[in-house]
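> Prediction below, plus the sequence it came from.
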Amino acid sequence: MTTTTLAVLVPLLPFLGAVAGLLLGRTAPGFVRPLAVLPTLTALVLAALVAVRQGGDAAVDAATELTPTGSVPIELALHVDGFAALVAVLVGLVASCVQIYSTGYLRDDPRYPSYAALVSLFTSAMLLVVYSGDLMVLLVGWEVMGICSYFLVGHYWETPEARAASLKAFLVTKLGDVPFLIGLFALATDAGSFRITRVLGAVASGSLDHPTLIALLLLAGVAGKSAQFPLHTWLPDAMAGPTPVSALIHAATMVAAGVYFIARLLPLFEASQAAMIVLAVMAAVTMAGSALAALAQDDIKRVLAYSTIGQLGYMSGALAVGDRGAAVFHLLSHGAFKALLFLAAGVIIHAAGTNSLAAMSRMRNLRDRIPDAYWTMTVALLALAAIPPFSGFFSKEAVLGVAEHVVTGHTEHAPAAAGWIVLVAGLLTAVLTAAYAMRLWLLAFRGRGAEAPDHGRQPLTMTVVLWVLAVPSLALGGFAFRLLPDWFDGRDLSPTLTTSVLGTGVALVGGIVTYAAWRHTTALTARVPLGAVAAHPEGDAARVEAEAIATHEPAYGDIAYAPDPADPGRLLLGPLHRHAAAGFHLDALYTALFVRPVQAGASLVRFLDREVVETYVRGAGALPRWLGTAVRRAQTGNVQTYVSALLAGTVVLAVAVVLVATGA
């Protein structure tokens, strides 16, 4: 079987599994789980075979014209280079782990068949994006992922949070997709083709007329899909969906698509220094802002969501300094440890027995109850914090290293300003990343909240997957830059001394300071009287929380768990904590700037339609209706009445004639 045939089967198998799962979900429920797991696992095996055969050599290209368009042709095209081969393996691995994990996590869910089918369709769409050699075919997978995320985030549609989150995710990403589509059309018009190879050829020959405009339009779509500032606000709210869906979206699909798209078309963005500066600023603001927000969140999944936004900022930063190898390297490393973090968080939530207990401040004594999640999450958090020798260290240092090369003038692929922006923001984010990773570990596994009921041992399918993902989280980085140089354009991605020392040093400082703050707050809350805590400037909310801490009585609706007062995030952020916890009020800002004006405009249109337009419509029909009523009343059916009216009319006419004649 040829490499091209194998590559075609990789996205096709999950698609067929999704169709079969939807058709047989009700009639043959016993086939649902095999149809969810086996096609995705097979696609993973085939993707690995494609990667081995491709071997980082010249890209595998194949195409056939889809339909005559009369202008720019649209082709069913494959373009499998080293990046595509490796990303497809990541997608297959994470999707397979999610499907296996979900068989235990959602074993009692009545909507599991539709859920599993949508996950398979989601996987197929991302694999189509990865392997596609035509931008319009890529757009199909891009949009299918959008609709799949809408349904999966809203899986628990009975809750208003899930309904609002799914709608918000769909609308915000579509807001970016509109300029993205315009940019694709403009790019194809300038290049004369939607084929990626021909587009890159047009870029190399300098035949694009509007590279800056096209790059900025495409960046809007990437910002929406990959949750980059200012279109990142949908991703934290998307945590209302099932935890395995969060793992899939954050690690291997959806948010990775935007970064991968820029990596595919990086020469186009390099053709515009303005676009590279915009990308660098977007990455820097995203990195630092999301890390601060993560340090203030209480919900464990929202911490990880903001973490994903920040790590995607690192990838965008690597692209902003002109190195797609470092960006894809971090994408692969991040995919492994972020999937592990979310699935381990799912075990924590499953152990508590409900999604509503994801608040870290209410966790206690979880280390001994879920040792698999404890050890594997520890590995993943060390990788996230970029502590050597875990995978995140090597991939993050690759990003900082290429930024340093731009700053020192060793490369001319990007402006020096972009290098400075990415390097400074990357080091600042490294401190904050280690801080919120340490905070998460302390509150989740050494917290002092009220202990939740023990719901027994977790299903084997959930715990096994954690250890599978722990392997690449620990070992991927150390092997990737040595064994896979050809897949990364042949560039050396080994850590450099300067950024390794700086990055690791600031990460250790962030972790140590957070631990010291936790010890300080733990000791303080053990001896501070209730009245002093109640005097907190946040007023009644702090008083209620303090009383709950002291009495271990319910203070949060129907959840009878007292929060852990020893949260170092509040001490570290100080007055910034309240703003960071609210995502720096961007949702409120967007509501004031966009939502309320649109709602006011809609209210005005509704008023004009009901009170003005409908008044004219009602008036236009009223006169004929009145005339009809008068005529209808004259039709009595009595002949004598008709004759009398005729005579009366004759008399009136005669009198009128006489009067006229006399006057003449």
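Good, I have the coordinates.
> which helices and strands does the strand or helix carrying residue 400 pack with?
When elements are assigned from DSSP states H and E, residue 400 belongs to helix 391-407. When contacts are defined as 3 or more CB pairs under 8 Å, 6 or more residues apart in numbering; DSSP states H and E, helix 391-407 sits against helix 300-320, helix 324-352, helix 371-384, helix 416-445, helix 460-483, helix 497-527. Every C-beta, even on glycine, is put in place using the N, C-alpha and C of the backbone.
> quick one, which of those helices is nearest to residue 163?
Proximity to residue 163 (CB to CB) singles out helix 300-320 among the helices and strands packed on helix 391-407, at 17.5 Å.
> helices or strands up against that closest one?
Looks like helix 300-320 contacts helix 234-237, helix 243-251, helix 255-264, helix 273-296, helix 324-352, helix 391-407, helix 416-445 (3+ CB pairs under 8 Å, 6+ apart).
> Please render these as CSV that adds mean neighbour count and mean pLDDT to the earlier fields.
Formatted as CSV, the helices and strands packed on helix 300-320 follow (neighbours: other CB atoms under 10 Å; pLDDT from 0 to 100):
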stretch, mean neighbour count, mean pLDDT
helix 234-237, 25, 92
helix 243-251, 29, 91
helix 255-264, 25, 93
helix 273-296, 24, 94
helix 324-352, 28, 90
helix 391-407, 27, 91
helix 416-445, 24, 93
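> mind putting the ones you listed in a markdown table, distance to residue 170 included?
Shown next, in a markdown table, are the helices and strands packed on helix 300-320 (distance: least, CB to CB, whole Å):
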| stretch | distance to residue 170 |
| --- | --- |
| helix 234-237 | 8 |
| helix 243-251 | 13 |
| helix 255-264 | 15 |
| helix 273-296 | 21 |
| helix 324-352 | 21 |
| helix 391-407 | 31 |
| helix 416-445 | 28 |
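> which one of those helices lies closest to residue 142?
helix 255-264 (6.3 Å).
> Would you mind pulling the contact partners of stretch 43-51?
Where contact means CB atoms under 8 Å, 6 or more residues apart in numbering, the residues beyond stretch 43-51 that reach it are 3, 6-7, 9-11, 13-14, 60, 80, 85-86, 88-89, 91-93, 95-96, 123, 127.
> Can you show me the CA trace of that stretch as CSV?
The C-alpha atoms that make up stretch 43-51 are tabulated as CSV, following Å, rounded to 0.1, in the frame of the first residue of the first chain:
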residue,chain,number,x,y,z
ALA,A,43,-5.7,5.7,12.2
LEU,A,44,-2.9,6.2,14.8
VAL,A,45,-1.1,3.1,13.5
LEU,A,46,-1.4,4.2,9.9
ALA,A,47,-0.3,7.8,10.8
ALA,A,48,2.8,6.3,12.4
LEU,A,49,3.5,4.2,9.2
VAL,A,50,3.1,7.4,7.1
ALA,A,51,5.6,9.2,9.4
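> tell me how far that stretch is from the chain's mean position?
26 Å (CA atoms, centre = their mean, to the nearest Å).
> Stretch 251-269 too?
Computed by CA atoms, centre = their mean, the chain-centroid distance of stretch 251-269 equals 13 Å.
> Could you work out the end-to-end span of it for me?
Counting by CA to CA, to the nearest Å, you get 25 Å between the two ends of stretch 251-269.
> which residues touch residue 470?
With the criterion set at CB under 8 Å, 6+ apart, residue 470 makes contact with 340, 375-376, 379-380.
> Could you turn the buried ones of these into a ChimeraX selection?
Those of those that count as buried under 16 or more other CB atoms under 10 Å are selected in ChimeraX with:
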select :340,376,379,380
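> circling back to that earlier point, might you specify the subset of the contacts of stretch 43-51 located within strands?
Members of the contacts of stretch 43-51 lying in strands (criterion: DSSP state E): 60, 80.
> Buried ones among the contacts of stretch 43-51?
So, by 16+ other CB under 10 Å, the buried ones in those are 3, 6-7, 9-11, 13-14, 60, 80, 85-86, 88-89, 91-93, 95-96, 123, 127.
> Doesn't residue 71 lie inside a helix?
No: looking at residue 71 with DSSP: H, G, I helix; E, B strand; the rest coil, it is coil, so not inside a helix.
> Check what pLDDT it gets.
We have a pLDDT of 80 for residue 71.
> now residue 523
Residue 523 carries a pLDDT value of 74.
> how about the strands in the stretch 1-150 of the chain?
Ranges of strands within the stretch 1-150 of the chain are 60-67, 74-80, based on DSSP state E, counting those that start in this stretch.
> Quick check: the gap between residue 116 and residue 34.
10 Å (CB to CB, to the nearest Å).
> higher neighbour count, those two?
Shown here are residue 116 and residue 34; by other CB atoms under 10 Å, residue 116 has more neighbours (27 against 13).
> I'd guessed that one sits against residue 102; true?
Yes: between residue 116 and residue 102 there is a contact under CB atoms under 8 Å: 6.7 Å.
> just to revisit the earlier point, the helices and strands packed on helix 391-407 into TSV, with extra columns for distance to residue 174?
Output for the helices and strands packed on helix 391-407, formatted as TSV (distance: least, CB to CB, whole Å):
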stretch	distance to residue 174
helix 300-320	19
helix 324-352	24
helix 371-384	30
helix 416-445	28
helix 460-483	32
helix 497-527	37
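> for these, which one sits closest to residue 213?
Across the helices and strands packed on helix 391-407, residue 213 has its closest neighbour in helix 300-320 (18.2 Å, CB to CB).
> wait, what's in contact with residue 193?
Residue 193 makes contact with 72-73, 199, 202, according to CB under 8 Å, 6+ apart.
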